[in-house]
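fold the following for me, if possible:
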Amino acid sequence: MIEAAHEYAIVRVLEWIEDEVAVIRYGKDGNYRVRPPGGLVAARFRHYEARSGRPLLHDHLLLSVKGQRLDGKWGSIHTTALHENTVAASALYNECDGSVIFRGLGWAVLVWCFVFGGGIRGGVKWLRSG
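Next comes the predicted model:
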């Protein structure tokens, strides 16, 4: 169940990055931006333990900074957009991973988010169902 939840969360985060975050810059000074229609190019490596030898399921993801546009040309992925969304991607991973695991254990998930003057706050609460 844990590895399936981990896999689901990774796929969901990559889909979100492709659909909502990643843009290819082109034109003078990169003024034009389009979503990579064929998706992103990435390599992923799965590990099951930490350097210490203790169990730690995790993946390393190498994301190319190049993407192919609709006209077939390759352009640069706007890396600032990726960098600005790393915390959001991490939060999405945690929510997806946790929701699969805890729902499998019979727990309900309550996720909340609110905006205030200094930024965005949110959290996750696990509630025992039944």
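
how about the helices in the chain?
2-16, 79-84, 86-104 (DSSP state H).

figure out which of the ones you listed is closest to residue 69.
Across the helices of the chain, residue 69 has its closest neighbour in helix 79-84 (16.0 Å, CB to CB). For the C-beta atoms, the positions are set from N, CA and C on the backbone; glycine is no exception.

other SSEs contacting the closest one?
Judged by 3 or more CB pairs under 8 Å, 6 or more residues apart in numbering; DSSP states H and E, helix 79-84 is in contact with no other helix or strand.

residues of that helix that come out buried?
Using 16 or more other CB atoms under 10 Å as the test for burial, helix 79-84 gives residue 82.

from the chain's centre, how far out does it sit?
Distance, stretch centre to chain centre, for helix 79-84: 12 Å (CA atoms, centre = their mean, to the nearest Å).

how about residues contacting it?
Applying CB atoms under 8 Å, 6 or more residues apart in numbering, the external contacts of helix 79-84 come out as 17, 21-23, 63, 65.

which of the helices of the chain has the lowest average pLDDT?
Per-stretch mean pLDDT for these is lowest at helix 86-104 (a mean of 83).

out of the helices of the chain, nearest to residue 38?
Closest among these, using CB to CB: helix 2-16, at 13.5 Å.

run through who's touching that closest one.
Contact with helix 2-16 is made by 40, 42, 44, 57, 59, 61, 89, 92-94, 96-98, 100-101, 104, as judged by CB under 8 Å, 6+ apart.
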